[in-house]
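Student: From the sequence below, what's the structure:
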Amino acid sequence: MTRYVGAIDQGTTSTRFLVFDRAGAIVAGAQKEHRQIFPQPGWVEHDAEEIFRATCEVIGEALAGASLSPSDLAAVGIANQRETALIWERDTGRPLHNALVWMDTRTEALVAEMSRDGGADRFRAKTGLPLTTYFSALKWRWLLDCLPEARRRAEAGEVLFGTMDSWLVWRLTGRHVTDVTNASRTLLMNLTTLDWDDSLLAAFELPRAALPEIRSSSEIFGGAMGPLTGVPLAGLLGDQQAALFGQACLRPGQAKNTYGTGCFLLMNSGETPFPSRAGLLTTLGYKLGEAKPVYALEGSVAIAGALVQWLRDNLGLIRSASEIEALAASAPDNGDVYIVPAFSGLYAPHWRSNARGIIAGLTRFADRRHLARAALEATAYQTRDVLDVMIRESGVAMQEMRVDGGMVVNDLLMQFQSDILGAPVVRPKIVETTALGAAYAAGLAVGYWRSTGDIEENWAADRRWSPRMDEGLREKLYTSWGKAVRRSFDWVE
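Tutor: Model prediction:
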């Protein structure tokens, strides 16, 4: 009996498999981290084979832990880290190189070269995106330029391109597909036609033969093999769009913010692409089967939870990420210390690829408590940077911000986020909204859930934070943050 729906959540630092019931409650789950590979400063890679092995392991662990089998699942969906790009052999499935992670900056020279003709926004009208190292097209271009025979083989269809969703679908079903949300993050898909654009392919010198077929976010892509043998794979969403869907932001103006490795604020903008003139991204929110696509405005922050990991792994300031809240709370304020985590440049709304991370305001008074607090506050400040622009551009006042992701268990951060925004912050009962969104997409495709109305009925608040900070202090802190951000600009010549 197919009692549940499963979801693979393939993230930047780990892969998890969760099983949900009709109420959206988690009935089983497992998670496994994978290596972060740093060959050079600014270069970030993942071993795609390691990730696939981890995917199979967490599926097996989750099912076994709850005494479930694949036959208990009506469908499975996939949510994935977006923009991370790899290429592999069609015949063998062997990756030709480690995957280039979304935050990798090795394509800076290509960005500069292509920006000389028309500027960083030369493709924004078609794609909704600026030219930066963030997106997938230039990563594939770099791989074809640098790997022997790769370009010839790609043009012959012997080598395939993909983001992590395509890679997992290929390994689980043998189909070479992606969905509109992931395709919209490549700089190669036309937002209006929802297809690869020949003029963009020509500009990036990439062959169509190597690209996956673009499909909707919710349909049956094929029957899975391996640890999910016989289960329909029926949902695909980039992780941030999956969280938007899982948060039931199904009406124009509804927004969510996900606090993970990076920080991603998305607002449902309806059935028409909303062009941004102030550094936000116009992207696909989701597309359910044959229904019209739903678009979103997005502000992307590269480093959020990754800054906490950096304090742990690089500085040894804490032993585990969970320690940071108590350490930060032991200081009454930030001691006038600000950390701008521009490790891969700054994303929205600044889009400064030549920025680099700084710690500003240091005095002899500052200690590890202030650094911990400044790290948490950096995430909240960056979110306000994005939200201020989003409200100004959309003209929609923010009634509340729905939040999810690993960092929302940090009460200190959530209260500071509400304080610095001057708006309520709401955490749902089910915080694993990325996996839940992928499960919803898959379940809708097979009739497990009848309509998006079921999704709205399932959503419920767990906790709400309201602003308590004095307006004068709020603006004083935010002004100092802005000074620190400007000092991070133009570090790289």
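
Student: Quickly note the distance from Val409 to Ala461.
Tutor: 15 Å (C-beta to C-beta, to the nearest Å). All C-beta atoms are positioned from the backbone trio N, CA, C, and that covers glycine.

Student: er, Val180 actually
Tutor: 30 Å.

Student: before we move on, what about Val426?
Tutor: In terms of C-beta to C-beta, Val426 sits 5 Å off from Ala461.

Student: For the two, indicate the residue with more neighbours.
Tutor: Val426 (20 against 11; other C-beta atoms under 10 Å).

Student: Mind listing the strands whatever helix or strand the more buried one lives in pairs with, and their directions?
Tutor: Assessed by DSSP states H and E, Val426 sits inside strand 425-428. Strand 425-428 has its sheet partners listed here by DSSP bridges as strand 401-404 (parallel), strand 461-465 (antiparallel).

Student: Save those strands as JSON lines, and put in mean pLDDT too.
Tutor: Listed next are the strands paired with strand 425-428 as JSON lines, based on pLDDT from 0 to 100:
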{"stretch": "strand 401-404", "mean pLDDT": "89"}
{"stretch": "strand 461-465", "mean pLDDT": "92"}
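
Student: And the closest residue to Ser216 other than its chain neighbours, its phi and psi?
Tutor: Nearest residue to Ser216, sequence neighbours excluded (C-beta to C-beta, 6 or more residues apart in numbering): Lys287, at 4.3 Å. The phi/psi pair for Lys287 (degrees, to the nearest 10) reads phi -140, psi 120.

Student: how about Lys287, what does it touch?
Tutor: Asp179, Val180, Thr181, Leu194, Ser216, Ser217, Ser218, Pro293, Val294 (C-beta atoms under 8 Å, 6 or more residues apart in numbering).

Student: Quick check: most distant residue from the centroid of this protein.
Tutor: When each C-alpha in the chain is compared with the mean C-alpha position (C-alpha atoms, centre = their mean), Arg364 comes out farthest, at 37.6 Å.

Student: Quickly note the distance from that one to Gly335.
Tutor: On the measure of C-beta to C-beta, Arg364 and Gly335 end up 11 Å apart.

Student: Equivalent analysis for Glu61, please.
Tutor: From Glu61 to Gly335 the distance is 43 Å (C-beta to C-beta).

Student: Arg487 too?
Tutor: Where Gly335 is concerned, Arg487 sits at a distance of 18 Å (C-beta to C-beta).

Student: Asp367 now?
Tutor: 8 Å.

Student: Tell me which of the two has more neighbours.
Tutor: Using other C-beta under 10 Å, the more surrounded residue of Asp367 and Gly335 is Gly335, with 18 against 12.

Student: Can you tell me the element the more buried one falls in?
Tutor: Gly335 belongs to no helix or strand, assigned by DSSP H and E.

Student: quick one: contacts for it?
Tutor: Here Gly335 is in contact with Gly361, Thr363, Phe365, Ala366, Asp367, Arg369, His370, Arg373 (criterion: C-beta under 8 Å, 6+ apart).

Student: which one of those is nearest Trp142?
Tutor: Comparing the contacts of Gly335 against Trp142 with C-beta to C-beta picks out Gly361 as the nearest, at 37.2 Å.

Student: Which residues are in contact with that closest one?
Tutor: Gly335, Asp336, Val337, Tyr338, Ser480, Ala484.

Student: where's the third one relative to Ile358, distance?
Tutor: Pointing back at Val337 there. Val337 is 11 Å from Ile358, by C-beta to C-beta.

Student: Between the two, point out the one with more neighbours.
Tutor: Between Val337 and Ile358, counted using other C-beta under 10 Å, the more crowded position is Val337 (25 against 17).

Student: Double-check the more buried one against Arg364; I have them as touching.
Tutor: No - Val337 is not in contact with Arg364 according to C-beta atoms under 8 Å; the separation is 12.0 Å.
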